[in-house]
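Engineer: Below: sequence and its predicted model.
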Amino acid sequence: MTTVYYSLLADGQGVRERQWAHSVRSLRRHNADIPVVLCLYGGARAETFVTAREAQVHVEQMGEYPAAFGDIPGHWRDALASHPTLHKLLSLRSLATYGTPLVFLDCDTYFFGDIARLLVQYGDLDFCAREEPLILRSAEGIDWTYIDGRALAALARAEGLVGIPAYNTGVMLLSAALARTLLTLLDDFIWYAWRLLHGACLWRPDLVGDYDLVGLVLNRSGPSERRLALPYPAASLWICEQIATWLTLGRVPALAHDALLQGDVAQGDEWAAPDREHDGPILTHYFTSGEARFFAHLAGIGQAST
């Protein structure tokens, strides 16, 4: 049996909780039996717990987000906790012991079919995910300024890692063995995330944008820390979690991995392809930036979103 998990750090406006409710309800319309876990950091609105009960979702209370980074220097914790997506792999602390394959889902996902179909097609691999948009393998074309592939490959070589392709971590399939291995590598993941963030603050502060964060990192880090900073190889700090994940996966021996097909998992605006509602994917990762367009599309084709 496979376990589906979401990892949620609630925002003040309830955006992620609303997205999660849409996602899990759509999942349950097509599969009533697969175990689903919500790893919750901090608090949540009462309606989120009501949705969890109605959808037969087990809620794992993960505690406060900053504490999830463990016993690290205080300025590391403060800086990393400012980034709201770093908890995806950290949730393995409560899940890897389940001993089942895992499917991770971002909150901004929506199902049009049974997730069991996905498990049958990709169940013999350790790791599967869609390619990150705007890279060489992307169906929507390449933006050479988005991710510096040569810089990313150089990072992997310098760290003695196997180079892992740029995968989007919004939908991930993990074998039980990989989940157990990644549990032992969470300190490495945190280490890479800190070094990447440190490098961005050192050499690309305009990319960071938050000058209070830049000041915190630079003013409280000593020379030895600065020597370990990693040059940040992308044009968006938002994907720091993904880059740290790719580097961490590069530590896993003989990792069997591949990309999910667009026909099975759509992402971005791929839901808008002709006849998509009639011959569509199992699920779509619509990205928060495209949420309004996606739900307008659902309304237009008569698809329930609640």
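Structural biologist: Yes, it's here.
Engineer: Give me the pLDDT value at residue 186.
Structural biologist: The model reports residue 186 with a pLDDT of 98.
Engineer: if I pick it, what's in contact with it?
Structural biologist: 89-90, 92-93 (C-beta atoms under 8 Å, 6 or more residues apart in numbering). In short, each C-beta sits where N, CA and C put it, glycine included.
Engineer: now for these, which pair is the farthest apart?
Structural biologist: 89 and 93 (9.3 Å; C-beta to C-beta).
Engineer: Give me the below-cutoff pLDDT ranges for the stretch 1-150 of the chain.
Structural biologist: 136-141 (pLDDT under 70).
Engineer: can you give me the strands in it?
Structural biologist: 3-9, 36-41, 57-61, 102-105, 109-111, 127-131 (DSSP state E, counting those that start in this stretch).
Engineer: partner strands of the fourth one, parallel or antiparallel?
Structural biologist: Strand partners for strand 102-105, identified by DSSP bridges, are recorded as strand 3-9 (parallel), strand 167-174 (antiparallel).
Engineer: and residue 195, what element?
Structural biologist: Per DSSP states H and E: residue 195 is located in helix 186-203.
Engineer: Please identify the buried residues of the helix or strand that that helix is followed by?
Structural biologist: From helix 186-203 onward toward the C-terminus, using DSSP H and E, the following helix or strand is helix 205-208. Neighbour-count burial for helix 205-208, counted by 16 or more other C-beta atoms under 10 Å, picks out 205, 208.
Engineer: Quick one: list the elements packing against helix 205-208.
Structural biologist: Secondary-structure packing of helix 205-208 (3 or more C-beta pairs under 8 Å, 6 or more residues apart in numbering; DSSP states H and E): helix 186-203, helix 211-220.
Engineer: Alpha carbons of the longest one, in PDB - could you do that?
Structural biologist: Translated: helix 186-203. C-alpha atoms of helix 186-203 as PDB (Å, rounded to 0.1, in the frame of the first residue of the first chain):
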ATOM      1  CA  LEU A 186      17.900  15.300   6.200                       C
ATOM      2  CA  ASP A 187      20.900  16.900   7.900                       C
ATOM      3  CA  ASP A 188      22.600  17.000   4.400                       C
ATOM      4  CA  PHE A 189      19.400  18.600   2.900                       C
ATOM      5  CA  ILE A 190      19.400  21.300   5.600                       C
ATOM      6  CA  TRP A 191      23.100  21.800   5.100                       C
ATOM      7  CA  TYR A 192      22.700  22.300   1.300                       C
ATOM      8  CA  ALA A 193      19.700  24.600   1.800                       C
ATOM      9  CA  TRP A 194      21.700  26.800   4.200                       C
ATOM     10  CA  ARG A 195      24.800  26.900   2.000                       C
ATOM     11  CA  LEU A 196      22.700  27.800  -1.100                       C
ATOM     12  CA  LEU A 197      20.800  30.500   0.800                       C
ATOM     13  CA  HIS A 198      24.100  31.800   2.200                       C
ATOM     14  CA  GLY A 199      25.600  32.000  -1.300                       C
ATOM     15  CA  ALA A 200      22.600  33.900  -2.600                       C
ATOM     16  CA  CYS A 201      22.900  36.400   0.200                       C
ATOM     17  CA  LEU A 202      26.600  36.800  -0.400                       C
ATOM     18  CA  TRP A 203      26.800  37.100  -4.200                       C
END
